[in-house]
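Participant: With the input below, show me the fold.
(chains A and B, ligands or ions: 2)
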Amino acid sequence: MPTFEVNDHKYEVDEDGFLQEPGIWNETVASDFATTEGVTDLTEAHWKVIHYLRNYYLQFGIAPMIRKVCKETGFKLNEIYQLFPSGPAKGACKLAGLPKPTGCV
Amino acid sequence: MAEQNGKSKTKLLDELEKGPWPSFVREIKKTSDVSPTCDDLLGQLELSYEERKGHWKHGGIVGVMGYGGGVIGRYSDVPEQFPKVAHFHTMRVNQPSGWFYTSDALRTLCGIWERHGSGLTNMHGSTGDIVFLGTKTDELEPTFAELTKAGFDLGGSGSCVRTPSACVGPARCEHACYDTLKLCNDLTHAYQDELHRPPFPYKFKFKCAGCPNDCVAAVARADLSIIGIWKDEIQQDDAAVAEYAAKGLDIQKNVCEQCPSKCMNWDGKKLTIENKDCVRCMHCINAMPKALRPGKERGAAILIGSKAPIVQGALLSSVLIPFVPEAELMETLKELVSRIWEFWDEYGKNRERVGELIQRVGMANFLDAIGLDPAPEMVTAPRDNPYIFFREEAAK
Ligand code: SF4
Ligand code: SF4
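Facilitator: Ligands and ions are numbered 1, 2, ... in the order given. Now for the predicted structure:
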């Protein structure tokens, strides 16, 4: 199992760098993972998306569909990409400690 | 798996080299001199054949900054055995309209991929993209940087507008009823956001075919098919018809009797077409291309809803707009597509193609939602798909 080390923290992750144990997530985890996804500063806007994803995941056990993310957070899709350059699935979900979203590619 | 002189033994795969047809095994072996990943790739596939079990893990998420698609993550589940294919990500590259390349462009593409990936390509994937097979996560950004520098861009993957594709159209084909290459290029540029940043419940494909021969299989594969068609009469050159007859073409048997709407008549001297009954199948034009050509009033029919048989069964397209003049195509499509997407976005379930949504809610409701009036052309055959009730006055 690969590990990801940053700021003296060590996390078990999958090949794509997603947290293996979603249960251990806290805000420090988000800041630690931000470094890998091209996010330098976590602003209020970032947290809004992260917390929304986190709460949705805790409630339903999956990641929300993208149009729900936009609707509920009030951000347009391109604004989400400005916040998380690697995108909502790879970037935002990773910072929110969700397991890797599945879907057809 | 046994090794011989450093090369893997691939007993089962070797079977696929036999016979006169093209063989991907042969092609990959040929590349193995220049690309070290090939042996492990074949080795893993041989193992899969032995065990009757795939060894690629499902659903990796990798990509390049700014884009939500274009790269498909793939990892081996036996990386210790085949370390060179531990990562084997696929990159999709947006192909040029109609797949026209200069040899220089092809060399550039191959050069980039030999530097950054396995060197193996698939020209082209079923959506139409140039497919770069096999690279590591670290190589994605450098590949992307080189591609964009050379004037290429990634294609679509995931729940987005997939890379639009078009038949060669007017560049090489006399049947083309509109400029497929231009429309494909215009669509690609108009929907860059939707192509690179997946916004939808599932994928959405555009395909542009210049005539009903449909060389891009739009009617079977595209969520929105734009198929060239003419509104007036088939252009007919009687002298050329006579020439075909003189050269031995049995016009009665091979043309008239094959016409699906039986609207042609050949009296041994003169061919008559009852154009109002013609269903634009292209048969007679294909049989006598020098004598018959599509009419002069040209444009395209817009069809909706086909898909290949994954997740649920396959669907063919249904006619949405029977005829749009070429000059109005892009404008019409933009308006139509925005209405379709709005409805699909609102009511589509996760991983539901637009055609499946239409089946679920009914065509009549769908037409109502996007503000289109039903037209008789939407009916495949009388009493076949009676989802629309015409009032008696309207049917006349
Ligand atoms: S679809 Fe029609 S126009 Fe396009 S290449 Fe085929 S025959 Fe020609
Ligand atoms: S295009 Fe097809 S339907 Fe029309 S006249 Fe020719 S064969 Fe008949």
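Participant: The lengthiest helix in chain A near chain B anywhere?
Facilitator: In chain A, with assignment by DSSP state H, the single longest helix is helix A:44-60. No. Against chain B, helix A:44-60 shows no contacts by C-beta under 8 Å from any C-beta of the partner chain, the least distance being 11.8 Å. No exception for glycine: its C-beta is placed from N, CA and C like everyone else's.
Participant: Let me know the next secondary structure element after that helix.
Facilitator: helix A:66-73 (DSSP states H and E).
Participant: hmm, who's touching stretch B:301-313?
Facilitator: Residues from elsewhere that reach stretch B:301-313 (C-beta atoms under 8 Å, 6 or more residues apart in numbering or on different chains): A:104, B:126, B:218-227, B:229, B:314-324, B:332-333, B:336, B:340, B:351, B:353-356, B:358, B:377.
Participant: Find the closest residue to chain B in chain A.
Facilitator: Chain A approaches chain B most closely through A:Gly87 (3.7 Å), counting by C-beta to the nearest C-beta.
Participant: Quick one, which of the contacts of stretch B:301-313 are buried?
Facilitator: B:218-227, B:229, B:315, B:317-324, B:332-333, B:336, B:340, B:351, B:353-356, B:358 (16 or more other C-beta atoms under 10 Å in any protein chain shown).
Participant: ok, and which of the residues you listed reach chain A?
Facilitator: When C-beta under 8 Å from any C-beta is applied, the members of those adjacent to chain A are B:Arg351.
Participant: Residue ranges in the chain under the pLDDT threshold?
Facilitator: Assuming you mean chain A. Scanning chain A for pLDDT under 70 picks out the ranges A:103-105.
Participant: meant chain B actually
Facilitator: Scanning chain B for pLDDT under 70 picks out the ranges B:1-8, B:310-312, B:380-396.
Participant: Enumerate the helices of chain B by residue range, in sequence order.
Facilitator: All helices of chain B, identified by DSSP H, fall at B:11-14, B:24-31, B:37-51, B:103-116, B:140-149, B:180-190, B:192-196, B:218-221, B:238-246, B:283-287, B:329-347, B:354-361, B:363-370, B:392-395.
Participant: now those in TSV, with distance to A:Ala45?
Facilitator: Listed next are these as TSV, based on distance: least, C-beta to C-beta, whole Å:
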stretch	distance to A:Ala45
helix B:11-14	52
helix B:24-31	47
helix B:37-51	41
helix B:103-116	34
helix B:140-149	25
helix B:180-190	28
helix B:192-196	20
helix B:218-221	39
helix B:238-246	68
helix B:283-287	58
helix B:329-347	23
helix B:354-361	32
helix B:363-370	33
helix B:392-395	53
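Participant: so which of those helices gets nearest A:Glu79?
Facilitator: Closest approach to A:Glu79 among the helices of chain B is made by helix B:192-196 (11.9 Å; C-beta to C-beta).
Participant: The closest one and chain A, any residue contact?
Facilitator: Yes. Contact of helix B:192-196 with chain A (C-beta under 8 Å from any C-beta) involves B:Asp193.
Participant: Not counting its own residues, what contacts that helix?
Facilitator: For helix B:192-196, the surrounding residues in contact (C-beta under 8 Å, 6+ apart) are A:77-78, B:66-70, B:154-156, B:160-163, B:188, B:199-200, B:204.
Participant: Identify each buried residue in it, please.
Facilitator: Buried-residue list, helix B:192-196, by 16+ other C-beta under 10 Å: B:Glu194, B:Leu195, B:His196.
Participant: Centre of the chain to that helix, how far?
Facilitator: How far helix B:192-196 lies from its chain's middle: 18 Å, per C-alpha atoms, centre = their mean, to the nearest Å.
Participant: wait, A:Val13 sits on A:Glu21?
Facilitator: No. The pair A:Val13 / A:Glu21 is not scored as a contact, 9.7 Å apart, by C-beta atoms under 8 Å.
Participant: what about those two, which has more around it?
Facilitator: A:Val13 (19 against 11; other C-beta atoms under 10 Å in any protein chain shown).
Participant: Need the three-state assignment for the nearest residue to the more buried one once chain neighbours are set aside.
Facilitator: Excluding the flanking residues, the one nearest A:Val13 by C-beta to C-beta, 6 or more residues apart in numbering or on different chains is A:Phe4, at 4.6 Å. At A:Phe4 the chain is in strand, as set by DSSP: H, G, I helix; E, B strand; the rest coil.
Participant: Any idea which residue of chain B lies closest to chain A?
Facilitator: Counting by C-beta to the nearest C-beta, chain B gets nearest chain A through B:Gly68, at 3.7 Å.
Participant: Quick one: residues contacting that residue.
Facilitator: A:Tyr81, A:Gly87, A:Pro88, A:Ala89, A:Lys90, B:Gly158, B:Cys160, B:His196, B:Arg197, B:Pro198.
Participant: quick one: which of those residues is nearest ligand 2?
Facilitator: For the contacts of B:Gly68, the closest approach to ligand 2 (C-beta to the nearest ligand atom) belongs to B:Cys160, at 36.1 Å.
Participant: Thought B:Lys205 was touching that closest one, still the case?
Facilitator: No. Applying C-beta under 8 Å, one finds B:Cys160 not in contact with B:Lys205, separated by 10.1 Å.
Participant: If we ignore the residues flanking it in sequence, what's nearest A:Ser86?
Facilitator: A:Glu37 (4.8 Å).
Participant: separation between the one you found and B:Val62?
Facilitator: 12 Å (C-beta to C-beta, to the nearest Å).
Participant: same thing with B:Leu45?
Facilitator: 22 Å.
Participant: And for B:His175?
Facilitator: Counting by C-beta to C-beta - B:His175 and B:Val62 are separated by 42 Å.
Participant: can you list the residues of the stretch 101-250 of chain B near chain A?
Facilitator: So far as C-beta under 8 Å from any C-beta goes, the stretch 101-250 of chain B lies against chain A at B:Ser157, B:Gly158, B:Ser159, B:Asp193, B:Arg197, B:Pro198, B:Pro199, B:Phe200, B:Pro201, B:Tyr202, B:Lys203.
Participant: Could I get the contacting residues of the first one?
Facilitator: Applying C-beta under 8 Å, 6+ apart, one finds that B:Ser157 lies in contact with A:Val105, B:Gly69, B:Gly70, B:Val71, B:Ile72, B:Arg92.
Participant: All set, thanks.
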